[in-house]
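Chemist: After the sequence you'll find the predicted model.
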Amino acid sequence: MLYPSIDSLMQKLDSKYTLVTVAAKRARQLQVNDNSEIAKPVSHKHVGKALEEINAEMLHYTTSTKEDNGSDELGE
């Protein structure tokens, strides 16, 4: 069984696209400096740690409009 499950993650975010985008962006941040917010992560990989942070609601994101150059911001 995978942890966290896709069902629990989809309750936190509005779409699968948002889930993939936020997790990928956070995983890239974790590659540069491994500063995971989870004390004892289940996963050893950066994407898994990012998904665990999303499940624990430690990550917050904002969507941008086309006027904002289309970039998303990821905050911790």
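Modeler: Sure, I can see it.
Chemist: quick one: least confident helix or strand in the chain?
Modeler: strand 73-75 (a mean of 68; mean pLDDT, DSSP states H and E).
Chemist: Can you give me the pLDDT of the residue sitting nearest the centre point of the chain?
Modeler: By CA atoms, centre = their mean, the mean C-alpha position of the chain lies nearest to Ala23, the distance being 3.3 Å. At Ala23, the model reports a pLDDT of 94.
Chemist: Test my guess that it contacts His46.
Modeler: No: look at Ala23 against His46 with CB atoms under 8 Å: they stay out of range, at 9.3 Å. No exception for glycine: its C-beta is placed from N, CA and C like everyone else's.
Chemist: what's the helix or strand for the residue nearest to the centre of the chain?
Modeler: helix 16-32 (DSSP states H and E).
Chemist: Could you name the helices and strands sitting against that helix?
Modeler: For helix 16-32, the elements it packs on are helix 6-10, helix 46-55, strand 73-75, judged by 3 or more CB pairs under 8 Å, 6 or more residues apart in numbering; DSSP states H and E.
Chemist: do that again at 10 Å, thanks
Modeler: With contacts taken as 3 or more CB pairs under 10 Å, 6 or more residues apart in numbering; DSSP states H and E, helix 16-32 sits against helix 6-10, helix 46-55, strand 60-62, strand 73-75.
Chemist: still on that earlier bit, which residue is the nearest non-sequential neighbour of the residue nearest to the centre of the chain?
Modeler: Ala50 (4.5 Å; CB to CB, 6 or more residues apart in numbering).
Chemist: which residues does the one you found contact?
Modeler: 19, 22-30, 36-38, 41, 43, 58-59, 74 (CB atoms under 10 Å, 6 or more residues apart in numbering).
Chemist: Quick check: pLDDT value at the closest residue to Leu19 other than its chain neighbours.
Modeler: The spatial neighbour of Leu19 that comes closest, neighbours along the chain excluded (CB to CB, 6+ apart), is Leu13 at 4.9 Å. Per-residue pLDDT puts Leu13 at 89.
Chemist: Confirm Leu13 sits in a strand?
Modeler: No: counting by DSSP: H, G, I helix; E, B strand; the rest coil, Leu13 is not part of a strand but coil.
Chemist: My guess is it contacts Val22. True?
Modeler: Yes: with contact defined as CB atoms under 10 Å, Leu13 reaches Val22; the gap is 6.9 Å.
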